[in-house]
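Asker: sharing a model that was predicted from the sequence below.
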Amino acid sequence: MNEEKKTLFSAIQPSGILTLGNYIGAIRNWKALMEECNCIYALADLHTLTVKQVPAQLRSNTYELAAIYIASGIDPEKCIFFVQSHVSAHAELTWILNTITYPGELSRMTQFKDKSRNHADNVNMGLMDYPVLMASDILLYNADLVPVGQDQKQHLEITRDLAIRFNNRYSDTFKVPEPYISATGAKIASLQDPEKKMSKSDPNVNAFISLNDDRDTIIRKFKRAVTDSDTEIRFDESKPGISNLLTIYSCVTGKTISESEKEFEGKGYGDFKVAVGEATADLLEPITKEKNRILSDKKYLDEVFANGALQADRIARRTLSKVYRKVGLVERKH
Ligand code: TYM
């Protein structure tokens, strides 16, 4: 770790195949920040257990997500890259932070309320405690910056509150992290309901682009995207469908929104949708191909995991020991 660089932490849950929303909202920024920061990236497998998982599927999703990270340019040689459950300090710090967290602040979280509604048969303690585990992930590494999509902003706020609360009660211990939310692409919307976010758990497969979709499927889904009855390709709050497609086009091509608007001046929605589909497929095709190649070498991925866990564990243990000392636990002598 280079002391002069800022430390950045982020994670994604291996709860299914990633969507274009996850890619644009998270991974794209991770890659961009690799050079200027000390980066620590995790596969948040413990978080996925807060909703029902098929165990074998969770295991294979974890390998698949790891392969996607690497195929997208997250080089495990240039960052610390690990599986959350391999570093037990995450669960341990969660216990300590639980003792300074109030049920009222957790039950107010938007994601908790949404997920409680969507998984009414399984509203478990873990679902409520999700933000505390997330705070532990971040605070263990003294992260300065946390790149996430818009939907995670509230969880970053509670992380900051917990860090400040702990520091006030037990003296300065944690760095208070800042969210890093990019101006464009922090909230990619569903292709079927542009008022909702694109989500991998959406029951309608046409609502999201999966990183496993082939070119034809991607183009077909964009052609079916819900838009308005106007004809102008313009970024405007009153045109959420077209604005979402313009955002996607701009993020996948690297062009600005106004350059994209100019490019499609006078063209129809049909042509525009195909162009967004083509550009997205051009971006995702090589990633999917590389992901499949990496996935065929499980031994390599296990080595990456082992190496990452070792590096993460070293930092996390140091923070946890400090926390244990501060709260008054007797140190274990070896
Ligand atoms: P997850 O897997 O639900 O989402 C991973 C990341 O993708 C972003 N994202 C989106 N961005 C733009 N548009 C969308 N439609 C969209 N959908 C998802 C999310 O904001 C997130 O950045 N709880 C985290 C995982 C996590 C974490 C952490 C993140 C666990 N511990 C510590 C940061 C720091 C999550 O939302 O995962």
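Answerer: Great, that's in hand. Numbers count the residues shown, from 1 in each chain.

Asker: alpha carbons only for contacts and neighbour counts from here, please
Answerer: Fine.

Asker: check the offset of stretch 289-309 from the chain's centre.
Answerer: Here stretch 289-309 is found 20 Å from its chain centre; the criterion is Cα atoms, centre = their mean, to the nearest Å.

Asker: quick check: residues of the stretch 51-200 of the chain near the ligand?
Answerer: 134, 137-138, 146, 148-152, 185-189, 197-199 (Cα under 6 Å from any ligand atom).

Asker: for stretch 193-202, how far is the first residue from the last?
Answerer: Stretch 193-202 has an end-to-end distance of 11 Å (Cα to Cα, to the nearest Å).

Asker: mind listing what's buried along that stretch?
Answerer: By 16 or more other Cα atoms under 10 Å, the buried positions in stretch 193-202 come out as Pro194, Lys197, Met198, Ser199, Lys200.

Asker: could these go into CSV alongside distance to Glu303, secondary structure and pLDDT?
Answerer: Listed next are those as CSV, based on distance: Cα to Cα, whole Å; DSSP: H, G, I helix; E, B strand; the rest coil; pLDDT from 0 to 100:
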residue, distance to Glu303, secondary structure, pLDDT
Pro194, 41, coil, 96
Lys197, 35, strand, 94
Met198, 33, coil, 96
Ser199, 31, coil, 92
Lys200, 28, coil, 87
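
Asker: okay, and which of the residues of the stretch 51-200 of the chain next to the ligand map to strands?
Answerer: Counting by DSSP state E, those place Val146 in strands.

Asker: among the residues of the stretch 51-200 of the chain next to the ligand, name the buried ones.
Answerer: Going by neighbour count (16+ other Cα under 10 Å), those have 134, 137-138, 146, 148-150, 152, 185-189, 197-199 buried.

Asker: isn't Tyr269 up against Ser229?
Answerer: No: using Cα atoms under 8 Å, Tyr269 makes no contact with Ser229, being 9.7 Å away.

Asker: what about Val276, helix or strand, and which?
Answerer: Using DSSP states H and E, Val276 sits within helix 269-295.

Asker: elements contacting that helix?
Answerer: The contact analysis (3 or more Cα pairs under 8 Å, 6 or more residues apart in numbering; DSSP states H and E) places helix 269-295 against helix 55-71, helix 215-223, helix 240-253.

Asker: pull the distance from stretch 14-30 to the chain's centre.
Answerer: Worked out by Cα atoms, centre = their mean, stretch 14-30 lies 6 Å from the chain centre.

Asker: the lengthiest helix in the chain: which residues count as buried?
Answerer: Criterion DSSP state H: the longest helix present in the chain is helix 298-327. Neighbour counts over helix 298-327 (16+ other Cα under 10 Å) mark 301, 304-305, 307-309, 311-313, 316-317, 319-320, 323, 326 as buried.

Asker: now swap in stretch 237-248 and tell me
Answerer: Buried, per 16+ other Cα under 10 Å, within stretch 237-248: Lys239, Pro240, Gly241, Ile242, Ser243, Asn244, Leu245, Leu246, Thr247, Ile248.

Asker: partner residues bridging Ile40?
Answerer: Bridge pairing for Ile40 (DSSP bridges) gives the partners Phe9, Ile80.

Asker: that one and Gly308: what is the separation?
Answerer: In terms of Cα to Cα, Ile40 sits 9 Å off from Gly308.

Asker: ok, back up a step: state the pair within the buried residues of helix 298-327 that is farthest apart.
Answerer: The most widely separated members of the buried residues of helix 298-327, counting by Cα to Cα, are Leu301 and Lys326 (36.8 Å).

Asker: re earlier: who are the packing partners of the longest helix of the chain?
Answerer: Packed next to helix 298-327, using 3+ Cα pairs under 8 Å, 6+ apart, are helix 55-71, strand 80-83, helix 89-98.

Asker: now the first one, how far from the chain's geometric center?
Answerer: Spelled out, that is helix 55-71. On Cα atoms, centre = their mean, the centre of helix 55-71 falls 14 Å from the chain's centre.

Asker: what residues does that helix touch?
Answerer: Contacts to helix 55-71, defined as Cα atoms under 8 Å, 6 or more residues apart in numbering, come from residues 14-18, 27, 43, 45, 76, 287-288, 290-292, 294-295, 298, 301.
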